[in-house]
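Chemist: Sequence and predicted structure, then a few things I'm wondering about:
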Amino acid sequence: MSRNLLILGAAPSLGELRDTLVRLEDTIIFALIERSQFKQNRDIYEAGKMSFKDGYRGSFVSWFLKEVECVHARVRRYQSPDEYPFTDNLPDPVLPPLDYPPVLVDPRRININDEIFDVYVNTVVPGIATEGDDSNYGSSATRDIECLQALSRRIHYGKFVAESKFQDPQTHDEYVKHIKERNRDKLMELLTNTRVEELLLKRLKAKAIIYGQDLSAASAGANGSTNGSGMLLDDAAAAAAAGSERVKTRVDFDLVVSLYRDYVIPLTKEVEVEYLLHRLDRN
Ligand SMILES: C=C(O[C@@H]1C=C(C(=O)O)C=C[C@H]1O)C(=O)O
């Protein structure tokens with residue numbers, strides 16, 4: 001779903017929302033591939049490893065994230081209902097507010113970026129980047145911020161999905177009942193679509209294999225063009241499409257799948273449940 005749709009005020013359909021989530025898979029995979037170029041550079045995630053003239057006492061990545069989000073806040077990025085900052089106390093925008101129609105009813109402005117940040121630093125970075133320090137601190141942190149912003153956007157999209165399901169006449173009364181009974185488990189059961197999740201994980205693995213191939217080393221061999229692993233490009237494409245483990249990729253495709261299975265989908269559903277639990281709160 002393009003942000004214009006949010007401005008135009010059309011409440012996006014569940015199908016449009018799912019299309020956006022599919023597109024965000026590409027954004028996230030490529031952001032992970034970009035970060036995987038550099039070593040883990042663990043020092044950039046530890047508070048106290050670097051000192052800052054402004055007296056900031058956090059880690060380099062947290063400092064850089066604060067700086068980036070302060071600039072983006074001034075151009076009203078975080079007034080958009082599909083954008084959530086990691087930093088508190090951001091400056092006011094220099095642009096006048098856009099009149100976003102109230103697609104969401106989100107009085108608590110639910111934000112689980114602290115959880116997303118912890119998962120990213122403690123699980124994702126060690127999974128996609130090799131151990132060590134290559135001093136590429138600025139480049140690593142730049143890619144980290146792209147990954148964090150894409151993951152945050154994807155997970156908080158759960159609010160739009162939850163609102164769409166809440167508005168569905170076939171399930172509306174059931175959602176209201178479970179919300180009034182504060183029944184998290186029943187809400188989780190009602191909003192879960194196992195088929196969509198299964199298809200997503202299959203698609204994700206194929207994408208991670210295909211996108212992750214190192215075709216830059218493609219060379220015209222005697223019997224045809226080959227990729228970085230020496231596989232004929234046609235064979236590599238067929239193997240990738242079949243989800244073959246034989247294809248060497250720039251990012252661990254099993255990690256991409258486990259990231260979604262163990263974190264992205266569960267966190268998205270956590271946002272859906274939290275959003276629904278407060279859907280009937282007075283603003
Ligand atoms: C996002 C949705 O809600 C849930 C979360 C999903 C996800 O995070 O990918 C997929 C299916 C549902 O279990 C949806 O129904 O599309």
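Modeler: Received the coordinates, thanks. Numbering: from 1, shown residues only.
Chemist: The ligand contacts on the stretch 151-283 of the chain?
Modeler: Counting by C-beta under 6 Å from any ligand atom, the positions of the stretch 151-283 of the chain adjacent to the ligand are Val161, Leu191, Thr192, Asn193, Val196, Glu197, Leu200, Ile265, Thr268, Lys269. Placement of C-beta: from N, CA and C, glycine included.
Chemist: Report how many residues lie close to the residue nearest to the second one when sequence neighbours are not counted.
Modeler: Nearest residue to Leu191, sequence neighbours excluded (C-beta to C-beta, 6 or more residues apart in numbering): Glu272, at 5.1 Å. The tally of other residues near Glu272 (other C-beta atoms under 10 Å) stands at 26.
Chemist: re the thing from before, give the buried subset of the residues of the stretch 151-283 of the chain next to the ligand as a ChimeraX selection command.
Modeler: Buried subset of those, written as a ChimeraX selection, criterion 16 or more other C-beta atoms under 10 Å:
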select :161,191,200,265,268,269
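Chemist: Reformat the residues of the stretch 151-283 of the chain next to the ligand as TSV; add distance to Leu255 and pLDDT.
Modeler: Below are those laid out as TSV (distance: C-beta to C-beta, whole Å; pLDDT from 0 to 100):
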residue	distance to Leu255	pLDDT
Val161	25	97
Leu191	26	98
Thr192	24	98
Asn193	24	98
Val196	21	97
Glu197	18	98
Leu200	16	97
Ile265	15	98
Thr268	18	98
Lys269	20	98
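Chemist: show me the contacts for whichever residue of the chain sits closest to the ligand.
Modeler: Residue of the chain nearest the ligand, by C-beta to the nearest ligand atom: Thr268 (3.5 Å). Each residue near Thr268 by C-beta atoms under 8 Å, 6 or more residues apart in numbering is listed here: Arg154, Ile155, Tyr157, Gly158, Val161.
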